[in-house]
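J.: what's the 3D shape of this:
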Amino acid sequence: MPTTNKVNASLTLDGEKYNSFVSPSQYGLPRSSAELKLSPLDMHMPRVYVPRWILCFPLKIGVEKDQIYENLKLGLAHTISSIPWIAGRIGPCEGRDPRENWIQILDSLSGVNFPYNDLSELLPSYAALHAEHFPLSRLKTTPFLPIGLLPETPHPPVMAAQANFIEGGLLLAIGIHHSVSDASAVGAILNIWAQNTAVAWGSTELNFSRFEPQCKDRSPLMLGTSGAKMVDFPEYYLQATAITTVADGNSDRRTSTPLKLPPMTARIFHFSPSTLAALKAEAAAYSTNDALTAFLWRHMTLARNPVSQSKPAAHKIGETSTVLYAANIRRRTSPPLPQNFLGNAFIAVKTDGLDISTLMSSSGLKIATSTIRKSLRRLTDVPNHISLTIGLMEQFGPTELKYAYNGFLGPDIMATSWADVGVYNNVWGDLGKAECFRIPGEGSDGNMAVFPRLKNGGLEVWVALKTEVMERLVGDRDFLAKAELWA
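T.: Numbers count the residues shown, from 1 in each chain. This is a model prediction of the structure:
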């Protein structure tokens, strides 16, 4: 397959022009083709740049920012040499009609776009942001990354990153197309980039790292089991879409939304280790994640459905709410996938619908917790469930299956957890370890994400709701008795 054209991105750094794209050849490293076939799970993912993460590092007084940037570039070049497809582009699958929306990674000569950006005049100092726990209101996508949420070109890049310098700190941002990698895979890529950057800094304890071939091998997820029936997969519904003229199928196929959207807000809440332990015990939960998800599900529902003596419940009688969440399948396949497998290795799981009145009742927490655990058991109790899910995606094509939930301006919740992504353990040479993990601060509705586990075992949770609903949530005394409003 032909390569895409090289992009000339000349920017100015200290009065001199430089190319913001990083490739192995710039450092005399071997270059391999980025071309890669994607699995049905990959192609089914929303075609957006998620994850988009921001890692926050304090800088030592007098440090040379240009040297930091150069070491990060050298570390990235070695990472591309090990994982060539992160420098590729998304395009139509070879041998198929582009209008069918089957995609793969195309080779590209450009490399990864990794600009240097000085935000010292736009943002407060690192110390000031740190004192406020790096508030989301300060972290909009536009200045932090050369890509937004949605791809903007027919052949969008797999990955982009940006080194954002402020007074006393570095905010390192990275975005990867969701059709290529999930959050666990992005965490593995960052781990290798960090190790390679440490070597670039002169570390004598490490060598430039390369991934084992099995971590890059997507063949175990390429073929599913035939015979899947839609009725057995409540997570999905079938919605045939018109053939698109967009080569990579990036046109938005979500259900239509109102032309005028209400104000939406995202906030971060902190849960201490002792609070998490108490919450798990109170919920009689199998896991901390079950209890935390159930707690947030219940209180987000309470905030969406205010009740007072003068006003009846906002929901309709018999209305239900569900949680749609991502379940990592690396340990659930046979044989298991490597923990640092670099593709998408999760499937959607949907809980049974709970009557909103039940969810809001005093027993709602325990009922929600058991409902979440029951839904997860389908991955192991139903024979070949994972393989049948892949077969279902093969049967109907990559864009015909939609997630069967109504979270945006509806009663349902979408949840994900990055608690076990070890971004706080990575040592980036003289940069040390990241002090804080954030995502861009855009608002949405009906979403929650558990951030990587803090060094003390606590957790930060990102919650996004309509602004008026968020105001009720942060005014909920029972909620704030366990959840500290953080940022």
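J.: do you know how far Tyr27 is from Gly111?
T.: Tyr27 sits 11 Å away from Gly111, going by Cβ to Cβ, to the nearest Å. In short, each C-beta sits where N, CA and C put it, glycine included.
J.: of the two, who's got more company?
T.: Gly111 (26 against 15; other Cβ atoms under 10 Å).
J.: pLDDT value on that one, please?
T.: Note for Gly111: predicted pLDDT of 97.
J.: Could you do Lys17 as well?
T.: Note for Lys17: predicted pLDDT of 62.
J.: Over to Gly202?
T.: 87.
J.: Could you pull up the contacting residues of it?
T.: By Cβ atoms under 8 Å, 6 or more residues apart in numbering, the contact set of Gly202 is Gly429.
J.: Might you report the residue contacts of the closest residue to Ser321 other than its chain neighbours?
T.: Once flanking residues are discounted, Ser321 sits nearest to Pro411: 4.3 Å by Cβ to Cβ, 6 or more residues apart in numbering. Counting by Cβ under 8 Å, 6+ apart, Pro411 touches Thr301, Arg304, His315, Glu319, Thr320, Ser321, Ile356.
J.: Tell me which of the residues you listed fall in helices.
T.: Judged by DSSP state H, the subset of these located in helices is Thr301, Arg304, Ile356.
J.: Please produce JSON lines containing the residues you listed, extended by distance to Asn196 and pLDDT.
T.: Output for these, formatted as JSON lines (distance: Cβ to Cβ, whole Å; pLDDT from 0 to 100):
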{"residue": "Thr301", "distance to Asn196": "45", "pLDDT": "97"}
{"residue": "Arg304", "distance to Asn196": "45", "pLDDT": "97"}
{"residue": "Ile356", "distance to Asn196": "50", "pLDDT": "96"}
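J.: For Arg138, state which of these is nearest.
T.: Using Cβ to Cβ, Arg304 is the member of the ones in helices among the contacts of Pro411 that sits closest to Arg138, with 27.1 Å.
J.: Asp97 versus the spatially closest residue to that closest one that is not a sequence neighbour, what's the distance?
T.: Leaving aside its sequence neighbours, Arg304 sits nearest to Val469 (Cβ to Cβ, 6+ apart; 5.3 Å). As judged by Cβ to Cβ, Val469 and Asp97 stand 43 Å apart.
J.: Please apply the same query to Ser25.
T.: Ser25 is 34 Å from Asp97, by Cβ to Cβ.
J.: Mind checking which of the two has more residues around it?
T.: Each of Ser25 and Asp97 has its neighbours counted (other Cβ under 10 Å); Ser25 has more, 13 against 10.
J.: check which helix or strand covers the residue nearest to the spatial centre of the chain.
T.: In the chain, the C-alpha closest to the average C-alpha coordinate belongs to Pro51, at a distance of 3.0 Å (Cα atoms, centre = their mean). Using DSSP states H and E, Pro51 sits within strand 49-58.
J.: So in that sheet, which strands flank that strand, and in what orientation?
T.: Using DSSP bridges, strand 49-58 pairs in its sheet with strand 169-177 (antiparallel), strand 436-438 (antiparallel).
J.: Met222 contacts Leu36, doesn't it?
T.: No: between Met222 and Leu36 there is no contact under Cβ atoms under 8 Å: 11.6 Å.
J.: Looking at the two, which is more packed in?
T.: Per other Cβ under 10 Å, whichever of Met222 and Leu36 has more neighbours is Leu36, with 20 against 15.
J.: Let me see the contact set for the more buried one.
T.: By Cβ under 8 Å, 6+ apart, Leu36 lies in contact with Trp85, Gly88, Gln104, Ile105, Arg218.
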